[in-house]
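Q: next one to model:
(chains A and B)
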Protein chains: 2
Amino acid sequence: MGNVNVNIGIIGFGTVGTGAIKILLEKKKELKEKTGINFCLKKIADLDIKKERHIKIDKNILTTDANEIINDESIDIVVELIGGINPAKTFILNSLKNKKNVVTANKALLSEYADLIFQTAAENNRIVKFEASVCGGIPILKVLSDGLTANRILNIYGIVNGTANYILTNMSKYGKSFDEALKEAQIKGFAEADPTFDIKGNDSVHKLAVLATLGYGINVKAKDIYCEGITEVTALDLKYAHKLEYEIKLLAIAKLHNHNLDLRVHPTLIPQKSMLAKTDFENNAIYITGDAVGPLMLYGKGAGMMPTASAVVADIIDIAKKMVNNSLENGIYYFNKQPLNIYPMFALKTKYYLRFSAKDKTYVLANIAKVLSDSGISIASLLQTETNEDGSAVIVIMTHPAIEKSMISALEALNKLSVIQGKVFALRVEDEF
Amino acid sequence: MGNVNVNIGIIGFGTVGTGAIKILLEKKKELKEKTGINFCLKKIADLDIKKERHIKIDKNILTTDANEIINDESIDIVVELIGGINPAKTFILNSLKNKKNVVTANKALLSEYADLIFQTAAENNRIVKFEASVCGGIPILKVLSDGLTANRILNIYGIVNGTANYILTNMSKYGKSFDEALKEAQIKGFAEADPTFDIKGNDSVHKLAVLATLGYGINVKAKDIYCEGITEVTALDLKYAHKLEYEIKLLAIAKLHNHNLDLRVHPTLIPQKSMLAKTDFENNAIYITGDAVGPLMLYGKGAGMMPTASAVVADIIDIAKKMVNNSLENGIYYFNKQPLNIYPMFALKTKYYLRFSAKDKTYVLANIAKVLSDSGISIASLLQTETNEDGSAVIVIMTHPAIEKSMISALEALNKLSVIQGKVFALRVEDEF
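A: Modelled structure (predicted):
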């Protein structure tokens, strides 16, 4: 490997962009020693180029027009860090058509348009890399696509959203309410002013789409994934979960059942003693089982300026090395020749946690047991807690594995029972850790 | 990527060899779909080719002569799985000279002869890969050398020996003695008949040498690493550690202090609440801090037939892809142009845990505090436990950070005190998790 220059253009001078620029400028010498490559930051595009970013750069490389990067013949790698579908999609596709390699952190875009982007890259013999799109600095995509190639991936369980995990951890450890925990997360910078995408599960869905695409070699889109957020989980649920030796985490789940792929994001009871359950606060963790390697977990910071920038620059270096070696192969993303079907949610079989308030303890249990058994669901354990002031009591039931479809009809029937106050709250349980 | 054949020869038909052969044969179609490459197992060499391995192979590809592989012009990749220094070293060097790429799991060899092997590979434009040499199926080397390229590695803390961790976990959880726990590990297959290398720390030293070489870009050899095993740790130490909210783990540690690299393997007190402390039984975990990514942990099975074979085959696939793309670059292992010095052990500054029996509680504390303070060491906390039948008591002291050299002289002085029975047992403490 000789002394070669690789020219980089960055679109999006926000938090992650600033981090990537910091690394490229401050570690220029170090990176050259490591790789033999001169990483040259040629241009940075952002709508706002006046804002103070506390970083020393040549003002001449700033532009408000992303096309100045996309159409610059000298630029080898375009880094897209603006997020969202448009204009990011156009920027990426045009960069590829102009024979540039692309690095992106855009999970929303990939979870909808991965096929179009991969195809455009292949047609132009260029590479798209996107390590930073899932779990910031954790090199999970490299592990999935290079480290575990000898494996059929049996399942992926991820705590991939730091905001939701921060909130649930605070509810779990300190008995805080959801609203209190969310507010604290916002004050400490672990939740956005508008946290909808994080707490409703959409962000986890986007990341799971990318993970499942790489892990299973099929084109998984966000719309294929069942999604349920954490907004209905209460501190009480965490308290009862602990009594049953469980923890509640927002999990992104992909599981292979023969040729069906089960894909879902929802708050989940998992055994308290598992390593996933111990993943606290803003940390992320991804637990993968491969048929050869067995279970494997990666744990770390899933967000933040420098962790995410670490992944962006790793992708830049990877592409640059391939350029130098004239080996711009994009990998085979859709390797699965027998396409997997998306497992229908109603066919899911899992244990359920049910929590509800009931007025009359004497009759309620017989009633509930009957409704459940009419749907083919049997009770594994039952917690009857302190009686409330109005004479009602909170009752918590763990079921044996049941079919989602049966549970939906059982819940409908339960919610009609006069002994039950309000609605039954149900959570799914995963025990395989 | 077209339809190409890559021919493989495996030297060593033991446990890991059998696993790798299983994957290559049973997943031939799957691997071709994933990579476009036909992986052809051409020859297997082992001194014993008669033994029943419960795997269906063509007997004609078996040989007792490794040179039949090394000198076979059609073979592209030689996989060395016999372990030990000789003849593995000769096999690898001759394979490289014969223009073959090499995959090995041989940590003992790498921790002594990495420089010779890397140089021979570079001279012949061939690749050596060795993911399976450290922590079996956990793709830690890929993460270190590809995933974290944008980072300066600040430290590595690894639980890299499953046998030692299994023993310590059993002592910690069930109060077993070292001998009982070792025996159980042997019965359950987590310890060899001769467990010396595992419990004395040598195996961890070999793995740390490989990790530090990749992480720091210098040639780290086993002899550069301080080594202390777990044979002196007692169930009592675990009990006292718990009282102080610590766990005891055999850690492989690499830490950067400016241009000095601190390298050591020893039983270590680490905070009970840390993810490393929660790594139980035969599992391995490696906790790495990068200057950009922050802390990151990989957790999984560090040994076993299929996990280790998963790493071997990942390396084979990686090399095959590079062959197909004509990009057989070996990477720059020794990227550090300002070579790091090995930090001298006597200069280490750390907190210490001290445990000893003393006859006369009234006088002993004043005596001990004086000896320690004479060496510039101050006491952070003190546990005085139940008095033994003979009137002696076990005393446990945690010190504030102290210099190793001072601690060595303090221990000499303490061991001369008449109030102390037997010798003072000292362990180092790491708090940075």
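
Q: so A:Pro57 sits in a strand?
A: To be clear, residue A:57 is Ile; Pro isn't right here. No: with DSSP: H, G, I helix; E, B strand; the rest coil as the criterion, A:Ile57 is located in coil rather than a strand.

Q: pretty sure it contacts A:Ile44?
A: Yes: with contact defined as CB atoms under 8 Å, A:Ile57 counts as touching A:Ile44 (7.2 Å). For every residue, glycine as well, the C-beta is placed using N, CA and C.

Q: quick one, which of those two is more surrounded?
A: A:Ile44 (25 against 15; other CB atoms under 10 Å in any protein chain shown).

Q: any idea which element the more buried one lies in?
A: Element membership for A:Ile44 (DSSP states H and E) is strand A:37-45.

Q: what about the next helix or strand after that strand, average pLDDT?
A: For strand A:37-45, the following helix or strand on the C-terminal side (DSSP H and E) is strand A:62-63. Averaging pLDDT along strand A:62-63 yields 98.

Q: from the chain's centroid, how far away is strand A:62-63?
A: Relative to its parent chain, strand A:62-63 has a centroid offset of 32 Å by CA atoms, centre = their mean, to the nearest Å.

Q: packing partners for it?
A: If contacts are counted by 3 or more CB pairs under 8 Å, 6 or more residues apart in numbering or on different chains; DSSP states H and E, strand A:62-63 sits against strand A:37-45.

Q: still on that earlier bit, now the common contact residues for A:Ile57 and A:Ile44.
A: Common contacts of A:Ile57 and A:Ile44 (CB atoms under 8 Å, 6 or more residues apart in numbering or on different chains): A:Ile21.

Q: domain parsing for chain A?
A: According to automatic domain parsing, chain A comprises the domains A:4-136+A:305-324, A:140-301, A:347-429.

Q: show me the beta-bridge partners of A:Leu256.
A: Beta-bridge pairing of A:Leu256 under DSSP bridges involves A:Leu261.

Q: so how many other residues sit close to it?
A: Using other CB under 10 Å, A:Leu256 has 20 neighbouring residues.

Q: try the one 5 residues further on
A: By other CB under 10 Å, 22 other residues sit near A:Leu261.

Q: and if you look at A:Gly84?
A: Counted with other CB under 10 Å, A:Gly84 comes out at 10.

Q: who's in contact with it?
A: If you count contacts by CB under 8 Å, 6+ apart, A:Gly84 has them with A:Asn106, A:Ala108, A:Leu109.

Q: over to it. Which of the three states is it?
A: coil.

Q: what mean pLDDT does stretch A:380-390 get?
A: The predicted confidence, averaged over stretch A:380-390, sits at 81.

Q: for the stretch 101-250 of chain A, which segments count as helices?
A: With helices called from DSSP state H, counting those that start in this stretch, the stretch 101-250 of chain A shows them at A:107-123, A:140-142, A:162-174, A:178-187, A:196-199, A:202-216, A:235-243.

Q: nearest spatial neighbour of A:Arg428, chain-adjacent residues omitted?
A: A:Thr350 (4.9 Å; CB to CB, 6 or more residues apart in numbering or on different chains).

Q: what about A:Gly391, how many residues close to it?
A: So A:Gly391, with other CB under 10 Å, has 10 neighbours.

Q: thinking it is in contact with A:Ser357, fair?
A: No: using CB under 8 Å, A:Gly391 is not in contact with A:Ser357; the gap is 10.4 Å.

Q: could you list every residue that touches the nearest residue to A:Ile85 once chain neighbours are set aside?
A: Of all residues not flanking A:Ile85 in the chain, A:Leu109 sits nearest, at 5.6 Å (CB to CB, 6+ apart). Neighbouring residues of A:Leu109 by CB under 8 Å, 6+ apart: A:Gly83, A:Gly84, A:Ile85, A:Ala88, A:Lys89, A:Ile92, A:Ile117.

Q: average pLDDT across stretch A:102-116?
A: On average, stretch A:102-116 scores 97.

Q: having no further points to raise, I will conclude here.
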